[in-house]
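[1] 3D, please:
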Amino acid sequence: MSPHWKNPSLIVYFLQRLTGAMLAVCLAIHLITVIYAVNGELSVAEIAGRVRGNPGWIAFYGFFMLTVVTHATIGLRNIFSELTDLGERTIGLISSMYAVITLILGCFALRAIW
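    Prediction:
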């Protein structure tokens, strides 16, 4: 393994880029699905009926949610690091709290379609 990969900030840098790329793919799938539903004149009830309990959609939206939370948490941490005088420990605490709260909210959303 290259010594460059032992640098945590480099790993986080690449993780954010990777999650950004995955978000582009997930967002495209989501938007294509929404456009299909709108063009097919599906009602909210029909869409919910197709998604609810479907393991494929639950896995997709679970992955989408984890990717969003990871990407956003890293971005939030970078913003606080660059624009504030807060210490690394405080920034880590704020970022961690954000991640936990958004994961909990995301799990509630996933549970709603289960």
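[2] rest of the way, CA atoms for contacts and neighbours
    Will do.
[3] Not counting sequence-adjacent ones, nearest residue to the spatially most central residue of the chain?
    In the chain, the centroid-proximal residue (Cα atoms, centre = their mean) is Val68; its distance is 1.3 Å. Take Val68 and drop its neighbours on the chain: the residue closest to it by Cα to Cα, 6 or more residues apart in numbering is Leu23, 6.9 Å away.
[4] Now do the same contact list for that neighbour.
    64, 67-68 (Cα atoms under 8 Å, 6 or more residues apart in numbering).
[5] Need the pLDDT of the residue nearest to the centre of the chain.
    Predicted confidence (pLDDT) for Val68: 97.
[6] Just the element for it, please.
    helix 55-83 (DSSP states H and E).
[7] now the angle between helix 55-83 and the next helix-or-strand element following that helix, please.
    Where DSSP H and E defines the elements, the next helix or strand beyond helix 55-83 is helix 88-113. Helix 88-113 runs at 160 degrees relative to helix 55-83, counting by axes from the mean of the first three to the mean of the last three Cα atoms, to 10 degrees.
[8] returning to that earlier point: next, the buried residues of the helix holding Val68.
    57-58, 61-62, 64-74, 76-77, 80 (16 or more other Cα atoms under 10 Å).
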